[in-house]
Every structure is written in C-alpha cells, then in structure tokens.
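Engineer: The following comprises the amino acid sequence and a computationally predicted model.
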Amino acid sequence: MRYITDKEIDRLGGAVGEQLMVEPKVQLMIGGNPEDTPWEGGINGYFFRIRRGIQVAVPKSLGELIRQNEQVQLLSEARVRPYKGNRGKKLSE
C-alpha cells in the first residue's frame, strides 16, 4: 500500500483552496461568543478556523458543511437528552 506524502498533501490542499476561492460565497454566523472556541473543519485537506458570533463570508460548500455539522450536533443532543440529568430512561420494555 502506498502512503501519500506531505508534499502531495500540500499540493492537494493548494488545489482545493484554489477551487474554494472561486466558489460563490455565503454569509453565516456560527452561534456563540467570539471568545469561545472557534469552529474548525476542513474540506479535502484545506482547513478553516472560524470565530463564533461574527458574520463571515465563506465558500458555499463550506457553508453547507457547517450547516450539516450543526444539524448533526442538534440531533445528537436531542437523542442523548433523555439519558442525562439523573432523570433515568427505561432501556427495555
């Protein structure tokens, strides 16, 4: 099995970055305080760090990734909520 080299990773990130720069931009604000931990994510080796609570313009595909990430987080929290807070939940009928 052949492993990808650091140089190949850098080249891939550069190509992806070029594609992201020409994409249409969308405006978004990630919830929270600017002092909170920033949102971090990447697309094919090209990584972003976005401060919370500040309006930013991002490539459309990154905006979609962030939106999907928020949906997964909300759904996960909703599914776990019944098991938190010492309220108990019957696991079998």
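Structural biologist: That came through fine. In this text, all values refer to a predicted model and were calculated from it rather than measured experimentally.

Engineer: in this protein, which spans are helices?
Structural biologist: In the chain, the segments counted as helices under DSSP state H are 6-22, 60-80.

Engineer: And these, which one averages the lowest pLDDT?
Structural biologist: Among these, helix 6-22 carries the lowest mean pLDDT, at a mean of 75.

Engineer: Make TSV out of the helices of the chain and add distance to residue 37 and mean neighbour count.
Structural biologist: (Each C-beta comes from the backbone N, C-alpha and C, glycine too.) Listed next are the helices of the chain as TSV, based on distance: least, C-beta to C-beta, whole Å; neighbours: other C-beta atoms under 10 Å:
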stretch	distance to residue 37	mean neighbour count
helix 6-22	23	12
helix 60-80	14	12
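
Engineer: Of all those helices, which one is nearest residue 36?
Structural biologist: Residue 36 lies closest to helix 60-80 among those, at 14.1 Å (C-beta to C-beta).

Engineer: Any chance you could list what contacts the closest one?
Structural biologist: With C-beta atoms under 8 Å, 6 or more residues apart in numbering as the test, helix 60-80 has contacts from 20, 23-26, 28, 30, 39, 41, 43, 48, 50, 58.

Engineer: tell me the two of those residues that are most distant?
Structural biologist: Based on C-beta to C-beta, the longest span within the contacts of helix 60-80 runs between 24 and 39 and measures 20.2 Å.

Engineer: Those two: who's more crowded?
Structural biologist: More neighbours surround residue 39 than the other of residue 24 and residue 39, with 16 against 9 (other C-beta atoms under 10 Å).

Engineer: With that, I have no additional questions.
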